[in-house]
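>>> Need a 3D model of the sequence below.
(one chain, ligands or ions: 2)
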Amino acid sequence: MKQLTLPAPAKLNLFLHITGRRDNGYHELETLFQFLTIADTLEFTLNDDGVIRLNSDSPEPIALADNLIYRAAQALQPYCANSKLGADIKLTKRLPMGGGVGGGSSDAATTLLALNQLWNLQLSPSKLAAIGLALGADVPVFVHGQATFARGVGEQFLPATPKESWYLVVHPQVHVSTAEIFQHSDLPRSTAKLPEPTRHCSDLAWLELHNDCEKLVCSLNPQVASALEWLLKYAPSRLTGTGACVFAVFSTQQQAEQALRELPEQYRGFVAQGVNHSPAHVALAQALQSE
Ligand SMILES: C[C@@](CO)(OP(=O)(O)O)[C@H](O)COP(=O)(O)OP(=O)(O)OC[C@H]1O[C@@H](n2ccc(N)nc2=O)[C@H](O)[C@@H]1O
Ligand SMILES: Nc1ncnc2c1ncn2[C@@H]1O[C@H](COP(=O)(O)OP(=O)(O)O)[C@@H](O)[C@H]1O
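Ligands and ions are numbered 1, 2, ... in the order given. Now for the predicted structure:
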């Protein structure tokens with residue numbers, strides 16, 4: 001295999017509870033991840049000069065050394081017996097950056113999955129997830145590729161099967177710093193741990209759950225508050241991750257598309273379906289089958 005094109009899907013945190021804080025400052029979370037059908041696209045072409053090149057159409061350029069795609073590829077190079085193996089990578093960016101839909105983490109995970117194949121490394125999913133965790137807390141979820149109830153700081157996973165609803169995701173066009181939210185003194189940090197996580201994930205009792213970052217993010221960013229207020233006129237709605245994106249849940253694509261048509265022009269938005277198997281894994285399996 002010399003070429004591989006894979007999606008890097010978005011995620012939503014259908015809820016996000018903060019249940020404590022560790023001595024190192026990191027927060028203990030309980031959160032439900034589901035993938036979306038909207039994705040960045042990454043095209044990988046094997047080269048034999050040992051160099052990793054990235055060609056990105058991203059509207060917000062990132063220095064190569066900071067790009068999670070480049071960092072993921074670099075993290076795999078020590079596992080390559082043949083030091084002449086490199087990759088030319090083309091990124092088509094569709095996901096809003098730093099919006100709580102996980103685009104950077106997903107790009108990193110797709111890079112790990114693709115180069116594991118192209119460089120024939122045969123690293124297990126657990127090994128790839130461990131390499132990914134060093135790049136970001138959400139990377140392992142994208143590497144495993146299954147909707148997940150996660151506990152701790154990105155290290156305890158239970159497969160989940162939330163309803164594959166349709167979502168209208170709205171980006172209020174502001175940037176929220178994850179680190180700033182987690183450092184804030186007003187962030188609630190003591191939500192009780194869920195007694196029986198699997199029950200909550202399979203029947204999607206998520207309306208009874210919440211996102212502990214939502215109130216603080218809304219109070220610091222009036223644009224997020226007003227986007228959420230607008231969405232709530234249409235359907236149950238919530239913040240994803242630490243924002244800035246907010247989402248509303250609909251039973252049908254038509255309902256979500258209808259609300260999108262009425263989106264005020266100061267926001268950006270898209271409609272996508274929630275899926276419990278990552279589109280990256282579906283595409284990888286198809287590529288391997290047609291080999
Ligand atoms: C909380 C989530 C939920 O999906 O938010 P989003 O980034 O998606 O909005 C993520 O796990 C975020 O993951 P990621 O964005 O990779 O965060 P990291 O780079 O690992 O951490 C950024 C900063 O947030 C704080 N942080 C992050 C995760 C965590 N469980 N506790 C923390 O206190 C730390 O101060 C850290 O330095
Ligand atoms: N390929 C990439 N795509 C998006 N963001 C990236 C990428 N590489 C590095 N980053 C950095 O990671 C940060 C978090 O990215 P992203 O995953 O989009 O945010 P979030 O976790 O809030 O959804 C961005 O603000 C950006 O600085």
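
>>> tell me the domain boundaries of the chain?
Here the domain parsing of the chain from automatic domain parsing is 3-160+277-289, 166-275.

>>> Of these, which shows the lowest average pLDDT?
Ranked by mean pLDDT, the domains of the chain end with domain 166-275 in last place, scoring a mean of 92.

>>> Look at that one and report the distance between its end residues.
9 Å (Cα to Cα, to the nearest Å).

>>> any idea how far it is from the chain center?
Taking Cα atoms, centre = their mean, to the nearest Å, one finds the center of domain 166-275 at 14 Å from the center of the full chain.

>>> quick one, which of the domains of the chain is packed in tightest?
Of the domains of the chain, the one with the most neighbours on average (mean count of other Cβ atoms under 10 Å) is domain 3-160+277-289, at a mean of 19. Just so you know, the C-beta spots here come from the backbone N, C-alpha and C atoms, and that holds for glycine as well.

>>> Quick one: end-to-end distance for it.
14 Å.

>>> Tell me who's in contact with the residue nearest the centre of the chain.
A centroid search over the chain (Cα atoms, centre = their mean) returns residue 102, at 2.7 Å, as the residue closest to the centre. By Cβ atoms under 8 Å, 6 or more residues apart in numbering, the contact list for residue 102 reads 10-11, 95, 138, 142, 241.

>>> now do residue 52
Residue 52 touches 70, 73-74, 77, 86-87, 89, counting by Cβ under 8 Å, 6+ apart.

>>> at 6 Å what do you get?
Contact analysis of residue 52 by Cβ atoms under 6 Å, 6 or more residues apart in numbering lists 70, 73, 86-87.

>>> can you list the residues that contact stretch 75-84?
With Cβ under 6 Å, 6+ apart as the criterion, stretch 75-84 contacts 48, 50, 115, 119, 121, 131.

>>> For this protein, just list every one of the helices.
Using DSSP state H, the helices of the chain run over 68-76, 103-118, 125-133, 139-144, 178-183, 197-202, 214-220, 222-232, 253-261, 279-289.

>>> Could you list the residues of this structure in contact with ligand 1?
13, 25-27, 29, 100, 102, 105, 136-138, 153, 178-179, 182, 241-242 (Cβ under 6 Å from any ligand atom).

>>> 8 Å - rerun?
Residues of the chain lying close to ligand 1 (Cβ under 8 Å from any ligand atom) are 11, 13, 16, 21, 25-29, 31, 33, 98-102, 104-105, 135-139, 153-154, 176, 178-179, 181-183, 213, 240-243.

>>> before we move on, back to that, now do the phi/psi pair for the residue nearest to the centre of the chain.
phi 80, psi 20 (degrees, to the nearest 10).
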